[in-house]
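Visitor: Got a predicted structure here, sequence first:
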Amino acid sequence: MKTNSSEFIKSAFQETDWPREPLPEIAFLGRSNVGKSSLINSLLKVHGLARTSSTPGRTQSLNFFLIDNRFRFVDLPGYGYARVPRIIKSTWGEMATSYLAKRASLVLSIHIVDSRHEPTTLDLQLHEWLDCQSQPRLIVATKSDKLSNNELRKSIERAQRAFKNDKVVPYSAKTGRGRDEVWRQIEAAITNYQKQR
Ligand code: GTP
Ligand code: MG
């Protein structure tokens, strides 16, 4: 998928900051430092649009990006990083889950996990919580360039089992692997949402 324009709109620390115009939104969530911001940049092919860092806990608010004046990407803060000050750690749950539970224009939650590691307890808890919300979601296993094909296959199978046989898409922000598949799912979610309105 080719996008023509993408721009950062705003950081939101509370509900009153969320953009008002009801465009479809795709949320990116996952553990701290897993590669959420890199996935956004790689999908849009824009370097540095979403700020990335080797220091976990970089993204600490909901960051909204407008794509082609048609839909938005929402970069959520990462969870599970112990060195983030406690106040921020405790607001994660509130800020992210309130967005995920309340946002009427949320069309797809992209749950990002690290393809090198077994899903963590928090990954599984989030998956279960999303499952209960019964909203469209997609699991993406990123950093796949760090594994051999054989290791990757095993790791995807393991993740699929852990996530109750939900589809897990291997991805790499470095090589672009999985990009077309993720775009297909995003487009399908947007189309679906528009049909229902
Ligand atoms: P927080 O906002 O701090 O929670 O992090 P994040 O989930 O947004 O992660 P970010 O995109 O900042 O990436 C973290 C680190 O992982 C950076 O050093 C990235 O360059 C690296 N990284 C992300 N995706 C990939 C990938 O697909 N392959 C490789 N090799 N490195 C990646
Ligand atoms: Mg980030």
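Guide: Received it, and whenever you're ready, just let me know what you need. Residues are numbered from 1 along each chain as shown. Ligands and ions are numbered 1, 2, ... in the order given.
Visitor: which residues of this structure score low on pLDDT?
Guide: 55-60, 80-93 (pLDDT under 70).
Visitor: any idea how far Arg72 is from the residue nearest to Ser105 when sequence neighbours are not counted?
Guide: Nearest residue to Ser105 in three dimensions, chain neighbours excluded: Pro22, at 4.8 Å (Cβ to Cβ, 6 or more residues apart in numbering). All C-beta atoms are positioned from the backbone trio N, CA, C, and that covers glycine. Separation of Pro22 from Arg72 (Cβ to Cβ, to the nearest Å): 10 Å.
Visitor: just Glu94 next, same as before
Guide: Glu94 sits 21 Å away from Arg72, going by Cβ to Cβ.
Visitor: and what of Tyr171?
Guide: Counting by Cβ to Cβ, the gap from Tyr171 to Arg72 is 20 Å.
Visitor: Please say which of the two ends up with more neighbours.
Guide: Counted by other Cβ atoms under 10 Å, Tyr171 and Arg72 do not tie: Tyr171 has more neighbours, with 28 against 20.
Visitor: need the contact list for the residue nearest the centre of the chain.
Guide: Against the mean C-alpha coordinate of the chain, by Cα atoms, centre = their mean, the closest residue is Phe28 at 1.7 Å. Contacts for Phe28 were tallied using Cβ atoms under 8 Å, 6 or more residues apart in numbering; they are Lys36, Ser37, Leu39, Ile40, Phe73, Val74, Asp75, Leu76, Ile110, Ile112.
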